[in-house]
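[1] Sequence unavailable; structure follows:
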Ligand SMILES: Nc1ncnc2c1ncn2[C@@H]1O[C@H](COP(=O)(O)OP(=O)(O)OP(=O)(O)O)[C@@H](O)[C@H]1O
């Protein structure tokens, strides 16, 4: 027989719905759901035959049994101990205590305020006592165990009246396979209820789970990811544990949230099915010297930034000698060779950063050679180049190849920090140096880089006043934090970068000449992507970092298109284009024009249209015949009607002859015939490549026959 809440209240054994005190301070959001959970718990307790006037059960485990329980849960306790200590700092002087239980609800450890511990002891909230619902009725620990959810049980919501002086916030702790390990709880006097406590407990439980997960990984890969790269390494990061065969072995709670999946569902997946990548790609990324987070799409379409890490030996993870993977290192592609031929396995476990970036472009290699010469020479390096050309990547490569590699690399973007904050950010400040300063002061970025490399990006955007301050630091090799009298010696290598013309700025008095001469030990200029001869290799690198290099290649027409495009955003833009294309081409083997975003194609059309305008104004001899011919059927004023980025340069066109000797219509028909020949008579393919309809092809060819 089941008993309703009303029945149980009527016979004095249970509550009436809402009979407990409704805590005013308890957050109102989710209140109906919370009330329902408490009601259900009360019903369970009544069904178990418990009464609300029950005396607390004072029968703890015998000392020996408690020791056995603690022994059995040693790993949980050792991961929980530092977290409980940290939590204790947060709740100190609030008349509260922290409780850790095992998966059955038996209290393993408590810490907290002595006075409150004594009060809690009176209701048997003490080590060795079981707080499962069946023995203590509705309470945060027992109810969290049943519902497997973070649970707040406040004051009169406790099933037993004797417990109603307490407010308890508990969160279950799970292992990476979703098994319950125990419960973390903070309990205090209900009068001091604070709504932040539940959040703290929840975060602390996650911390314990993450410790457990990262310690448990053995010879496995761990993938740390989040939709925002700056969240990697924080409590909110998702963590997946992956075996050498690519199977997903476990996930933390944030990973499950980001993936929208249950623990069991995640473990049905592999790297390929979940992230469209494989172990080889991850390990290559991990071994790449300049590893920045990869960008991958989750199965639910969410874009995440992901950093793979290995725990244990790569060799044991991959099962291959020396930890080699099957994903090869990319090399420069000699002209005429396909990008696929540019691959060969690497033997060394970690490449030099500069070597990694040298992918065959002569201009870049010249830069790399120069930079190589000043490594460890205490000569400041200034990197010039358009946006997205890889200035920061080069700075990281230099750091990684230097003797400072094990010390910090600290990047400061002078353009992105508000002018009012940049001084404090760079030089740090003492306690109370200015309004809004943190109580304990802060270490500036320069000091953070001590022993390592300071990368000053967009140095041309540094305010003039600050330039003087920086100059002093560079001259004296000492930093004086704001509001401090102390001068702290620093040892840093300085690399700066800008896309601005600093010499012109010096002439306009917006950049200090003396600072310029402190920074310009060696000045190198990175080539724009449109001027590089190794675009295909760079593209392969990016595909590799996306984890699709083995399965997805660029079609010849896309390579031709890329080689013709002017890439104003340089490698960054190429990376963006490829990321989108890789998603669009999921499940296919080639990225074709159909996978490129309309925005990018529009840009190409605009570019071609302006080329064409130039051609129409007498520059025709400077252009290949195909685009010139295109003028006839796609006037510059209507760029949308231009053929999409067709591989016009790949078609072997009939010799056009002097432009004046043929009409545009004739030339157009020649182009169409060439396209049909190139497509081996496949009219649909030719039409697609030219961006016109099949009917138009037939019509034009008929016209040609008549003519
Ligand atoms: N050689 C390369 N291979 C692969 N990816 C690259 C390469 N060069 C640059 N990238 C990628 O292009 C993007 C831009 O690089 P980076 O930030 O180093 O450029 P930047 O010149 O410093 O840009 P900005 O001037 O806008 O700060 C990054 O995502 C980087 O990983």
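    Looks like it came in fine. Not measured: the values here are computed from a predicted model.
[2] What's the nearest residue in the stretch 151-300 of the chain when you look at the ligand?
    Residue of the stretch 151-300 of the chain nearest the ligand, by Cβ to the nearest ligand atom: residue 292 (5.4 Å). C-betas here are computed from N, CA, C, even on glycine.
[3] Actually, the stretch 301-450 of the chain.
    Proximity of the stretch 301-450 of the chain to the ligand (Cβ to the nearest ligand atom) peaks at residue 390, 2.9 Å away.
[4] wait, isn't residue 168 in contact with residue 183?
    No. Contact between residue 168 and residue 183 fails when scored by Cβ atoms under 8 Å: they sit 10.3 Å apart.
[5] what touches both of those two?
    residue 141 (Cβ atoms under 8 Å, 6 or more residues apart in numbering).
[6] So residue 304 sits against residue 298, correct?
    Yes. If you go by Cβ under 8 Å, residue 304 and residue 298 touch, sitting 5.9 Å apart.
[7] So for these two, which residue has more residues nearby?
    Between residue 304 and residue 298, residue 304 has the larger neighbour count (other Cβ atoms under 10 Å), namely 24 against 20.
[8] Report the secondary structure state of that one.
    Following DSSP: H, G, I helix; E, B strand; the rest coil, we place residue 304 in the strand state.
[9] Name whatever forms a beta bridge with it.
    In this entry, residue 304 is beta-bridged to residue 296, by DSSP bridges.
[10] Contact partners for the residue of the stretch 301-450 of the chain closest to the ligand?
    Residue 390 is in contact with 357, 526, 570-571, counting by Cβ under 8 Å, 6+ apart.
[11] rewinding a little: quick check: neighbours shared by residue 304 and residue 298?
    What both residue 304 and residue 298 touch, as defined by Cβ under 8 Å, 6+ apart, is the set residue 258.
[12] what number of residues lie near residue 76?
    24.
[13] I'd assumed it was in a strand, is it?
    No. Counting by three-state DSSP, residue 76 falls outside a strand, being helix.
[14] ok, now which ones touch it?
    100, 102, 108, 173, 181-182, 208, 212.
[15] Which of those residues fall within strands?
    100, 102, 108, 173, 181-182 (DSSP state E).
[16] quick one: which of the residues you listed is nearest residue 82?
    Taking Cβ to Cβ as the measure, residue 82 lies nearest residue 100 of the ones in strands among the contacts of residue 76, at 12.2 Å.
[17] From the ligand, how far off is residue 529?
    To the ligand, residue 529 is 9 Å away according to Cβ to the nearest ligand atom, to the nearest Å.
[18] quick one: that residue and residue 572 touch, right?
    No. Look at residue 529 against residue 572 with Cβ under 8 Å: they stay out of range, at 9.2 Å.
[19] Show me whatever sits in contact with both of these two.
    In contact with both residue 529 and residue 572: residue 388, using Cβ under 8 Å, 6+ apart.
[20] So which of these two has more stuff around it?
    For residue 529 versus residue 572, neighbours defined as other Cβ under 10 Å are more numerous around residue 529 (26 against 15).
[21] what's the pLDDT at that one?
    If you check residue 529, the pLDDT there is 96.
[22] Identify the residues contacting it.
    By Cβ under 8 Å, 6+ apart, the residues touching residue 529 are 388-389, 535, 538, 567, 570-571, 573-574.
[23] give me that answer again for 7 Å
    Listed by Cβ atoms under 7 Å, 6 or more residues apart in numbering, the contact set of residue 529 reads 389, 535, 567, 570-571, 574.
[24] For it, grab phi and psi.
    Main-chain dihedrals, residue 529, degrees, to the nearest 10: phi -60, psi -40.
[25] could we number from 13 for the rest of this?
    Sure thing, new numbering starts at 13, so read that last one as residue 541.
[26] how much space is there between it and residue 427?
    21 Å (Cβ to Cβ, to the nearest Å).
[27] Is stretch 499-513 positioned near the ligand?
    Yes. Interface with the ligand: stretch 499-513 contributes 509, 511 (Cβ under 6 Å from any ligand atom).
[28] before we move on, the earlier item: which residue in the contacts of residue 88 has the weakest pLDDT?
    Lowest in pLDDT among the contacts of residue 88 is residue 224, which has 86.
[29] Next SSE downstream of the longest helix seen in the chain?
    Assignment by DSSP state H gives helix 208-227 as the longest helix of the chain. Sequence order places strand 232-238 as the next helix or strand after helix 208-227, per DSSP states H and E.
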